[in-house]
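Peer 1: got a predicted structure here, sequence first:
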Amino acid sequence: MNIIKKTIDLGEGRIIEIETGKLAKQADGSAMVKYGNTMLLATVCADKNAKEGVDFMPLTVEYRENMSAVGRFPGSFFKREGRSTDDEILVSRLIDRALRPLFPEDYHANVVVQVTLVSGDLNELPDALACLAASAALAVSDIPFNGPISEVRVAKVNGKLKINPTKSEVDDENTTIDLMIASSAESIVMVEGEMREVSEQEMVDAIIFAQEAIFKQVAVLKELEKETGKTEKRIYSHEVHNEDIRTRMYDACYDKCCEVAGMELADKHKRSELFSEIKDAFLATLTDDEKKENAFLLGIYWGLVQYDAVRHVMLTQKKRLDGRKMDEVRGIWSEVDYLPGAHGSALFTRGETQSLTTITLGTKMDTQLIDGAIYNYDKKFLLHYNFPPFSTGEARTPRGTSRREVGHGALAHRALEVVLPNDLPYTLRIVSDILESNGSSSMATVCAGTLALMDAGIQIAKPVSGIAMGLITNEKTGDYAILSDILGDEDHLGDMDFKVCGTADGITACQMDIKIKGLSRELLIAALNQAKAGRLHILGEMMKTLSAPRTDLKPHAPRIEQLVIDTEFIGAIIGPGGKVIQEIQKTTGTVITIEERDNKGYVAVSAANKASIDAAMGRIKGIVQQPEIGEVYEAVVKSIMPYGAFMEFMPGKQGLLHISEVSHKRLENLDGIFKENDVIKVKLLGIDNKTGKFKLSRKVLMEKEGEA
C-alpha cells in the first residue's frame, strides 16, 4: 500500500489529518479526513464516458452519518440507517454547490461523490470537513476537476472570528455569525449561513477571514494531488463540435436574440415564445440530416447564443429582460388572513413569484424528533417549502420532497428563527406553498412567513425580508452589472445567485453561489449594499399590509400558558402512573406537557379557551405552591380520628387538626361537629422540621370571629 498522509494546522493545537491509499482503493479516488475523534471517508467514482444526449453535469453527492460513529442505534423501526435526513441533505447540497462549478463545462460523465461520517465527536461538527474530504478524494483521482477547493465554517464567538468552532460554541447565544464558506485558490464559490442581525461589513470580514484559512487547505490538497501523481487527469471527449453549424446559428440568431432581450418584456412566457420563434426559424433552414446529426449540439449552441446575447444587452445597453433598472425590485402586493381556517396566513406576490404561507400552532407533543448522529433533540420550529410543478407552468406530476425544497426551506428557516420569541411555548410550523415562480421563491417565503407570523399574533422581535441578487460580468472588459431581485432567466444566465435576508438592522441569513473566478471584496460589498437597499424597500411594502404582530391569537388557535416550577414538584403533578395529570386534563379539557431543562420544570397548559387553562393552572399551582405558616386555607375533611381530623388544605398536602385546636371548648370527640368532605377554614400554625407534618388550627380563627 502506498499510504500518503498530509496535515493541516488550524492553530491552537487543532490538526486535520488527510490520508489516502489505505481505504476504498477500487474507487477512482478516496480519502479519510480526521479531526480529533471525527473521521470522514470520502469516495468518488465517475463513468468513463458520458451518456448519449447529456449536455449537463450529472453530479450526485451523498453525505451520510453512521449512527455507529457516535455509538448509537438508529431510532427507526428497522434499527438501520434509512433515507437521508434533512440535515444530511443540507450537507450534501453544500458539497454539491461547491464542487459543481469547478467541473469542466464540457464534462458530462456521471460522477458520484459519497462522504460518510464513520467516527464522530458530539462536540465537533463534521459538516465543516465534508467538502474538504470530497475535494481530497477528487484530488487523488484522475477525474477532470478544476480544483482543488475546500470549505470551512467560520463563526463569530464573543466578538472573535474562529475557523471550525465546536458545537457548543456555535450553539452559544453570544455567537452572532455561523457561515459555511467554500473557495478555490482563486475565488469564493459558495456561502451559506445564519447571523444575528450583523452588518454587511461584518459578513464580508467573516468571508475574507474564512477564505484565508481555505487557501492553506487548498495548498495542502495540491501537494496531496502531486504526491499521488494525479495532476494529469483522464482524457475525455463528450462534445464533438460542428463549427459550421455553430457559426451559422450565431450569424442567424445572435442579433435577433439581442433584439428580444432588449424588448423589456415582463411576461416570461411571451419572451420565451419569441426566443423559440428565432430558434425554429433557424432550424427551418437546416436539412433533415443536419438536424438529425446535430440534434445534441444544436441545443448546446442555442443556449450559448441566448447566454451571450442577453448578457451583452445587459452590459452594453444597461437593459434587463423585463425592462427594470438594475437595482429595481418588481411590483409587490400582499394580503394577510387570507385563509380563515389557518392559525395565521399570508399571500405575498413579487412580480411573477407568489407564496401562500400558513402558520400552525401546536403543543410540545407536536415537536419533531431530530435523530441524528451529532444533533439529537426535539425541534419546535418547522418550516416546510413546497415547489409544485404548476408554479412554473410545467405539466408534471409532483413526487416526493426534493433536495431543492429542503434547501430553500432551510434558508427561510434560518432567516426567521432569529426573530422568534425565546419564550414561545408553542410548536410552530410554517408552510410555504409556491403558486408562481420566476425568481427567488425562497425569498418570497421569508416575506410571506414574516407576514403570516404577525397575522397569527406571534410577537416576533422584528419583521424580516429577503432579496435575491445577481451579477453579470465581462472578464475581458471588466464591466459588470449587479442585479436586484433577479428573474429565473437572470439566475440561469448570470454569474451569481446571492440571497440575503434580514431585518432593518442587519442580516439574519444568506446563501450565495458564484459561477465565475474572482469576486473582489469591493464587488461583494457593493452587492451587499445594493441588497440592503432592496431588502428595506421590500420590507416597506410588506409593512403597508401589516406593520406589527396582532395583539392576540386567532379565536380558533390553541391557547398555551406556561408555568416554571422546581423540578421536585414534577412527580407530584404527574402523580403515580400519571393519575394526577390525567385527571386534571380530563376534568378541565386541557393538554398538559412538562419539560425539564436548565434544572427547572416547564409546565405548558393548552386548551381552546382561557377558562379551561385557568382551571388547570389553578390545580397545578395548588400542587406546587409551598405552604406558608400563618396563612389561612379552606381545608377539606379527609378522615376523622378520635384525636382529631386530617384536613387537605392544599392539593396533595394534608395536616392534622388536633381535637384541642377545633374549639376553645373541651371536646371529647368530633361526633356531630365534622363529617368527611366538609370544608373548614383553618390556619397553618407550624411545620415539624423533622417529620414535615403540618399543624392546623381552627380555634385561632374563632377567637377573631367569635364562637357561634
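Peer 2: Alright, I've got the coordinates.
Peer 1: do I have it right that Glu661 meets Leu696?
Peer 2: Yes. With contacts counted by C-beta atoms under 8 Å, Glu661 reaches Leu696, the gap being 6.7 Å. Any C-beta I mention is one placed from the backbone N, CA and C, and that applies to glycine too.
Peer 1: higher neighbour count, the two?
Peer 2: Leu696 (25 against 19; other C-beta atoms under 10 Å).
Peer 1: quick one: secondary structure of the more buried one?
Peer 2: strand (DSSP: H, G, I helix; E, B strand; the rest coil).
Peer 1: show me where pLDDT drops low in the chain?
Peer 2: Filtered on pLDDT under 70, the chain yields the residue ranges 518, 652, 703-708.
Peer 1: my guess is Ile507 contacts Phe498. True?
Peer 2: No. In this structure Ile507 lies outside contact range of Phe498 using C-beta under 8 Å: 11.5 Å.
Peer 1: hang on, the earlier thing: overlap in contacts, Glu661 and Leu696.
Peer 2: Leu685 (C-beta atoms under 8 Å, 6 or more residues apart in numbering).
Peer 1: in the stretch 551-700 of the chain, which spans are helices?
Peer 2: For the stretch 551-700 of the chain, applying DSSP state H, counting those that start in this stretch gives helices covering 570-574, 579-588, 610-624, 699-705.
Peer 1: secondary structure class for the nearest residue to Phe282 once chain neighbours are set aside?
Peer 2: Nearest residue to Phe282, sequence neighbours excluded (C-beta to C-beta, 6 or more residues apart in numbering): Ala252, at 4.8 Å. For Ala252, the assignment made with three-state DSSP gives helix.
Peer 1: how many other residues sit next to Ala252?
Peer 2: If we define neighbours as other C-beta under 10 Å, then Ala252 has 15 of them.
Peer 1: quick one: contacts of stretch 252-269?
Peer 2: Taking C-beta under 8 Å, 6+ apart as the rule, stretch 252-269 contacts 271, 274-275, 278-279, 281-282, 285, 302, 305-306, 308-310, 312-314, 317, 319-323, 351-352, 393, 438, 487-489.
Peer 1: now the buried members of the residues you listed.
Peer 2: The neighbour count (16 or more other C-beta atoms under 10 Å) marks 271, 275, 278-279, 282, 302, 305-306, 309-310, 312-314, 319-322, 351-352, 438, 487-489 as buried among the contacts of stretch 252-269.
Peer 1: next step: those residues restricted to helices.
Peer 2: Residues of the buried ones among the contacts of stretch 252-269 located in helices (DSSP state H): 271, 275, 278-279, 282, 302, 305-306, 309-310, 312-314, 488-489.
Peer 1: so which of those residues comes closest to Tyr236?
Peer 2: Trp302 (23.2 Å; C-beta to C-beta).
Peer 1: list the contacts for the closest one?
Peer 2: 249, 253, 279 are the contacts of Trp302 under C-beta under 8 Å, 6+ apart.
Peer 1: list just the nearest of the residues you listed to Phe56.
Peer 2: Using C-beta to C-beta, the contacts of Trp302 come closest to Phe56 at Lys279, 18.8 Å.
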